[in-house]
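**Q** Predicted model and sequence below, questions to follow.
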Amino acid sequence: MIHEDMICPFCGCLCDDLVIETEGTEVVRVDNACTLGSHKLMNAGTHRLKSPIMREGGAWRDARYEEAIEYAAGILLDADRPLLYGWSSTQGEAQGTGVSMAELLGGVIDSTTSVCHGPSILAIQEVGHPGCTLGQVKNRADLIVYWGCNPTEAHPRHMSRYTTYADGYFLENAFRDRKLILVDVRKTETASIADEFVQVKPGGDYAVLSALRAIVRGREDVVPPTVAGVTKEQLLRVAALCKEAKFGALFFGVGLTMSPGKYKNVRNAIELVDELSRHTKFTLTPLRGHYNVYGSNEVFTWMTGYPYAVDFSRQIAFYNPGETTAVDLMARKECDAALIVASDPGAHFPKKCLEHLASIPSVLIDPMHTMTTPLVRCQIPTAVTGMDAPGTAYRMDGVPIHVKKFMDLGYPTDTEIIGSIFEKVKEVRHP
Ligand code: SF4
């Protein structure tokens, strides 16, 4: 069976032009996806856990869904400071139920944002977001800046769908007419096709952004001969390219958000875009990783006023990244139960946090074994959004997209499982 216009549930590009061919419950062909998306979709039905698993006497045993749901509700109800973490590779509907449950439990809900683009959000909260849709970039931008990211490998179709190789309404030959600037600490594959590759010394992004701002402001006299390894000559060239563009779009990755300077780097980048917008049109967009991490920020924000790291222990929503973020709670050994949903802290969190996670009652909701599996006491497999579950996801530019399913393997969705846990919690907290 051929399924057209399918959405790729891998990265924040949420490519929506995939053609997937299935034979029964097997995917036999995927057209239009990149290697990352294709690999995920071609293996749609493989490596799945068959049923929930629970630890017993140091070994795993199979469990029924009812038993695992009962266990999950029990550990969350018994905890003084439950943590509900993850939420970036699941549907918006599950995220909303998670927020409601965290509120009723008086717990903390945090998404993977806190270990990727959290600093981008802090900067946006301070100085605003000069953003636009990817469609605007494709149709209008004649200059693209990638800063601290490597789209060729991390978002492989970003350039072919929206920037370097994507012809647009006002750019008929994008590869010839659209300029590309790459700013990074190392020469990646993206550098080989850039018109300007600006190699910054590690930790030098803030200084380079400040120098560019000074030049754009007409104060090149204050810029020294080199800034963080970049010559003044190149900075002048880059600033001129930006000012001469009719429409510039700056995309940035964790090379900017997680390097020294963190949210101040992003704030400086937004202020550079603001300076440039006095001469031309310029926009800025974070390159988001997990396919629905942007959705977690949207859903948390409409429901609580805050985009991640929301603490309900005061019976109102409280937000203070660095205090209420998952890594900080775990490092301080503060949370005493954890529900991990659609994310893999075992692969990303510091060792100290993982030691704490392994020492507390915890449940993982994820379709297959991950590096988090050995650290939890129970795992509940669910359907994968975009494969055997439909749902809502937000693209990296904030556009919500309905993600369709193309097969049925009989698994419950994340929304159903979290909804069932929430029902059990409500039975106790709202008798
Ligand atoms: S660029 Fe991202 S969304 Fe598009 S096919 Fe590749 S992994 Fe999937």
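**A** Happy to help now that I have it.
**Q** residues in the protein within reach of the ligand, list them.
**A** Selection of the chain residues close to the ligand by CB under 6 Å from any ligand atom yields 8, 10-11, 13-15, 33-34, 36-37, 155-157. The way it works is simple: take the backbone N, C-alpha and C, and place the C-beta from them, glycine included.
**Q** and Thr46, how many neighbours?
**A** For Thr46, the count of nearby residues is 9 (other CB atoms under 10 Å).
**Q** what does the model give it for pLDDT?
**A** On the pLDDT scale, Thr46 is placed at 87.
**Q** Between the residues of the chain next to the ligand, which sits nearest Gln136?
**A** For these, the closest approach to Gln136 (CB to CB) belongs to Cys13, at 15.2 Å.
**Q** From Val399, how far out is that closest one?
**A** According to CB to CB, to the nearest Å, Cys13 and Val399 sit 11 Å apart.
**Q** which residues of the stretch 251-400 of the chain fall in strands?
**A** Shown for the stretch 251-400 of the chain, the strands assigned by DSSP state E, counting those that start in this stretch span residues 281-286, 310-311, 318-319, 337-341, 362-365, 378-380, 391-394, 400-403.
**Q** swap in the stretch 1-150 of the chain?
**A** 2-6, 18-23, 26-31, 53-56, 59-62, 82-86, 108-111, 143-147.
**Q** How about the contacts made by His117?
**A** Counting by CB atoms under 8 Å, 6 or more residues apart in numbering, His117 makes contact with Val254, Thr257, Pro286, Arg288, Val293.
**Q** cool, Lys246 as well?
**A** Lys246 touches Arg140, Asp142, Thr280, Lys281, counting by CB under 8 Å, 6+ apart.
**Q** In the stretch 151-300 of the chain, what residue lies closest to the ligand?
**A** Residue nearest to the ligand within the stretch 151-300 of the chain: Arg157 (3.6 Å; CB to the nearest ligand atom).
**Q** Number of residues surrounding the residue nearest to that residue when sequence neighbours are not counted?
**A** In space, not counting the residues next to it along the chain, Arg157 is nearest to Cys34; the distance is 5.0 Å by CB to CB, 6 or more residues apart in numbering. For Cys34, the neighbour count with other CB under 10 Å is 20.
**Q** tell me the contacts of Cys34?
**A** Cys34 neighbours (CB under 8 Å, 6+ apart): Cys15, Pro156, Arg157.
**Q** And it, what's its pLDDT?
**A** 96.
**Q** quick one on the thing from earlier: tell me the residues that contact both of Cys13 and Val399, please.
**A** With CB under 8 Å, 6+ apart, Cys13 and Val399 have common neighbours Leu134.
**Q** Which one's more surrounded, the two?
**A** Cys13 (25 against 14).
**Q** Next, the contact list for that one, please.
**A** Counting by CB under 8 Å, 6+ apart, Cys13 has contacts Leu134, His155, Arg157, His158, Arg161, Tyr162, Arg395, Met396.
**Q** Report pLDDT for the fifth one.
**A** The score at Arg161 is 96. That number is its pLDDT.
**Q** Was I right to think it contacts Gly135?
**A** No: the pair Arg161 / Gly135 is not scored as a contact, 10.0 Å apart, by CB atoms under 8 Å.
**Q** Which of these two has more residues huddled nearby?
**A** Under the criterion of other CB under 10 Å, the comparison of Arg161 against Gly135 puts Arg161 first, with 19 against 13.
**Q** what residues are up against that one?
**A** Taking CB under 8 Å, 6+ apart as the test, what Arg161 contacts is Cys13, Cys15, Leu134, Lys138.
**Q** and it, what are its phi and psi?
**A** As for Arg161, its main-chain torsions (degrees, to the nearest 10) stand at phi -90, psi -30.
**Q** Who are the contact partners of the closest residue to Met6 other than its chain neighbours?
**A** Once flanking residues are discounted, Met6 sits nearest to Leu18: 4.2 Å by CB to CB, 6+ apart. Neighbour list for Leu18: Asp5, Met6, Ile7, Cys8, Val30, Asp31, Asn32, Ala33, Gly37, Leu41 [criterion: CB under 8 Å, 6+ apart].
**Q** mind running it again at 7 Å?
**A** If you count contacts by CB atoms under 7 Å, 6 or more residues apart in numbering, Leu18 has them with Met6, Ile7, Cys8, Val30, Asp31, Asn32, Ala33.
**Q** Determine the number of other residues adjacent to Glu271.
**A** 17.
**Q** Please name the residues that touch it.
**A** Glu271 touches Val127, Arg213, counting by CB under 7 Å, 6+ apart.
**Q** So it versus Glu126, what's the distance?
**A** 10 Å.
**Q** and for those two, which residues touch both?
**A** Contacts common to Glu271 and Glu126, judged by CB under 7 Å, 6+ apart, are absent.
**Q** With mean pLDDT as new columns, can the strands of the stretch 1-150 of the chain be given to me in a markdown table?
**A** Listed next are the strands of the stretch 1-150 of the chain as a markdown table, based on pLDDT from 0 to 100:
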| stretch | mean pLDDT |
| --- | --- |
| strand 2-6 | 96 |
| strand 18-23 | 96 |
| strand 26-31 | 95 |
| strand 53-56 | 96 |
| strand 59-62 | 96 |
| strand 82-86 | 98 |
| strand 108-111 | 98 |
| strand 143-147 | 97 |
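**Q** Quick check: which of those strands is nearest to Gln379?
**A** strand 53-56 (5.2 Å).
**Q** May I see the buried residues of that closest one?
**A** Ile53, Met54 (16 or more other CB atoms under 10 Å).
**Q** ok so, going back, within its local environment, how many residues does the residue of the stretch 151-300 of the chain closest to the ligand see?
**A** Arg157: 20 neighbours (other CB under 10 Å).
**Q** and what of Phe197?
**A** Using other CB under 10 Å, Phe197 is surrounded by 17 other residues.
**Q** Grab the nearest non-local neighbour of it.
**A** Ala191 (4.2 Å).
**Q** Could you verify that the one you found is part of a helix?
**A** Yes: if the criterion is DSSP: H, G, I helix; E, B strand; the rest coil, then Ala191 is within a helix.
**Q** ok, it - contacts?
**A** Taking CB under 7 Å, 6+ apart, one finds Leu182, Asp184, Phe197 in contact with Ala191.
**Q** Go through the residues you listed and name the one nearest Leu364.
**A** Nearest to Leu364 among those, counting by CB to CB, is Asp184 at 34.2 Å.
**Q** How many neighbouring residues does the closest one have?
**A** With other CB under 10 Å as criterion, Asp184 counts 22.
**Q** Might one say that it is in contact with Gly148?
**A** Yes: between Asp184 and Gly148 there is a contact under CB atoms under 7 Å: 6.3 Å.
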